[in-house]
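Participant: Model the structure of this input:
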Amino acid sequence: MRAESWQIAEIPGPTKAVILERPKAIAQIIKRNRTVMAIGSEIFRMKEDTTHIRLLLELSRLAGAHVAVTGATLRRFREMGCEKIYAISAFELADRLEDPEWPGFDGSGNYSLLVMAGFKYYYGWLILSGIKHYSDIKTISLDPYYQPHASYSLPTMALDKWESFLRSMVESLKR
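Facilitator: Numbers count the residues shown, from 1 in each chain. Alright, predicted model coming up:
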């Protein structure tokens, strides 16, 4: 497991993501916050089966998190049974999260935590950098590689270990 950026020659600055290697710790952070989970279309290209996607959706359900997806993937997520799902551009979501007056998707106020997974690395890099510099929202990258601009990130790991990690997070939330 590594904590190095995949963005060669890009410097994330003095503040970098805290690496969380314990699934239970991440599950507790997600559970304690008003959370929105942004899932990108790359999630469908990561693995042939959809177990990892179902684990992310179960995690969002157990945490009571809203799920934001890009418009092109909305139908696929609805077919998987996701209830609190909203279609929005990732950059538009980031812009709204930076606005402390945004009422959120349900009108109950802005979110305190953004959980991201399934975006191209450089998209995630830009979105998380903007949020890090222009808002007080905490962020977690649940992709299987280190994302330095998040508040918390997983270390870089193989896809099979990543899926086991997600499964452990779901089990932690069930308890």
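
Participant: all strands for the protein, in order.
Facilitator: Secondary structure of the chain by DSSP state E: the strands cover 18-19, 35-39, 66-69, 85-87, 113-117, 138-141, 152-153.

Participant: May I see the buried residues of the longest helix that the chain contains?
Facilitator: Assignment by DSSP state H gives helix 159-174 as the longest helix of the chain. Buried residues in helix 159-174, defined by neighbour count with 16 or more other C-beta atoms under 10 Å: 162-163, 165-170, 172-173. Yep, even glycine has a C-beta here, placed from its N, CA and C like the rest.

Participant: can you check stretch 135-148 too?
Facilitator: So stretch 135-148, judged by 16+ other C-beta under 10 Å, has buried residues 135, 137-148.

Participant: what's the answer for stretch 57-77, then?
Facilitator: Neighbour-count burial for stretch 57-77, counted by 16+ other C-beta under 10 Å, picks out 57-63, 65-70, 73, 77.

Participant: Now it - C-alpha only, CSV.
Facilitator: C-alpha atoms of stretch 57-77 as CSV (Å, rounded to 0.1, in the frame of the first residue of the first chain):
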residue,chain,number,x,y,z
LEU,A,57,-24.6,1.8,-2.6
GLU,A,58,-25.1,-0.3,0.5
LEU,A,59,-22.6,1.9,2.3
SER,A,60,-24.6,5.0,1.3
ARG,A,61,-27.9,3.4,2.3
LEU,A,62,-26.6,2.4,5.7
ALA,A,63,-25.2,5.8,6.3
GLY,A,64,-28.3,7.6,5.0
ALA,A,65,-26.2,9.4,2.4
HIS,A,66,-27.5,10.9,-0.7
VAL,A,67,-25.8,9.7,-3.9
ALA,A,68,-24.9,12.1,-6.7
VAL,A,69,-24.1,10.6,-10.1
THR,A,70,-23.5,12.0,-13.6
GLY,A,71,-26.6,12.0,-15.8
ALA,A,72,-25.2,9.3,-18.1
THR,A,73,-25.2,6.7,-15.3
LEU,A,74,-28.4,7.6,-13.5
ARG,A,75,-30.4,4.9,-15.2
ARG,A,76,-27.8,2.2,-14.3
PHE,A,77,-27.8,3.2,-10.7
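
Participant: to the chain's geometric centre, what's the distance from that stretch?
Facilitator: How far stretch 57-77 lies from its chain's middle: 11 Å, per C-alpha atoms, centre = their mean, to the nearest Å.
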